[in-house]
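Colleague: Following is a predicted model, sequence given first.
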Amino acid sequence: ETGVTQTPRHLVMGMTNKKSLKCEQHLGHNAMYWYKQSAKKPLELMFVYSLEERVENNSVPSRFSPECPNSSHLFLHLHTLQPEDSALYLCASSQEASGGLATNEKLFFGSGTQLSVL
Amino acid sequence: DQQVKQNSPSLSVQEGRISILNCDYTNSMFDYFLWYKKYPAEGPTFLISISSIKDKNEDGRFTVFLNKSAKHLSLHIVPSQPGDSAVYFCAASGVIHSDSGGGADGLTFGKGTHLIIQP
């Protein structure tokens, strides 16, 4: 148990569906992340929220939309996805200092949501 | 263009022997390196880290070595145990700055090496 909980664990959706992934952390951290793990590829950073402020990541298609209502919760809203978006989506959290200098660079990951887009 | 590379997709080692996992990086601005371990159906968990001001960090059976001039790090596990069978990810730290001056750590990961410990 890492203190980071993701739901659902598995999700199958059609290309026209809208769904949301949820992440909750119980560690009191102030930064949260979405990572994508595709087969035979490195974990790719999608979005970062630090102190509830989103740090832009321009390489992510707009069909992925993050939401961070507070420091403990993070969502990833999905709509009109493509089959190539099928992957393991991992949420993580960390405790970061302000001013751009991280004092604790350890990420705590959830178990992930295995997403299949048909 | 991969900034963190793990060139061995898999590695098989006999129980009790030393496991050596390698990682290379290209970005000289990285100043903190981490190893994560991942079991099937679980998220990665932090294993050990090293700052660029050091060349070695040891924690029990796990030792990480850093060669800055070669932009290379390695993870040594000795003696290897069956429970060490997992995928190991090398990661490098780069701080992402927000407009307000705050920062968060977006790690850059390698593809991982699947370590198999044979009895």
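Modeller: On my side now, so go ahead. Numbers count the residues shown, from 1 in each chain, chains lettered A, B, ... in the order given.

Colleague: In space, not sequence, find me the middle residue of chain A.
Modeller: Most central residue of chain A, judged by C-alpha distance to the mean C-alpha position with C-alpha atoms, centre = their mean, is A:W34 at 2.2 Å.

Colleague: Check the spacing between that residue and chain B real quick.
Modeller: Relative to chain B, A:W34 is positioned 11 Å away (C-beta to the nearest C-beta, to the nearest Å). Where you see a C-beta, it was placed from the backbone N, CA and C, and this is true even at glycine.

Colleague: Show me which residues of chain A are close to chain B?
Modeller: Selection of chain A residues close to chain B by C-beta under 8 Å from any C-beta of the partner chain yields A:2, A:4, A:6, A:31, A:33, A:35, A:40-45, A:48-51, A:53, A:55, A:90, A:92, A:94, A:96-102, A:105-112.

Colleague: Any chance of a PyMOL selection covering the buried ones in the residues you listed?
Modeller: A single PyMOL command suffices to select whichever of the residues of chain A next to chain B are buried according to 16 or more other C-beta atoms under 10 Å in any protein chain shown:
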select buried, chain A and resi 2+4+6+31+33+35+42+43+44+45+48+49+50+55+90+92+94+96+97+100+102+105+106+107+108+109+110+111+112
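
Colleague: Among the residues of chain A next to chain B, name the ones in strands.
Modeller: Cross-referencing those against strands under DSSP state E gives A:4, A:6, A:31, A:33, A:35, A:44-45, A:48-50, A:53, A:55, A:90, A:92, A:94, A:108-109.

Colleague: Give the residue spans of the chain that score low on pLDDT.
Modeller: Picking chain A for this. Flagging of chain A using pLDDT under 70 yields the residue ranges A:1, A:56-58, A:97-105.

Colleague: try again with chain B
Modeller: For chain B, counting by pLDDT under 70, the residues that fall below are B:94-105.

Colleague: Swap in 50 and give it another go.
Modeller: Judged against pLDDT under 50, the low-scoring parts of chain B cover residues B:98-99.

Colleague: tell me which residues of stretch A:17-25 are tucked away?
Modeller: Neighbour-count burial for stretch A:17-25, counted by 16+ other C-beta under 10 Å, picks out A:19, A:21-25.

Colleague: Relative to the whole chain's centre, how far out is it?
Modeller: From the chain centre to the centre of stretch A:17-25 is a distance of 9 Å (C-alpha atoms, centre = their mean, to the nearest Å).
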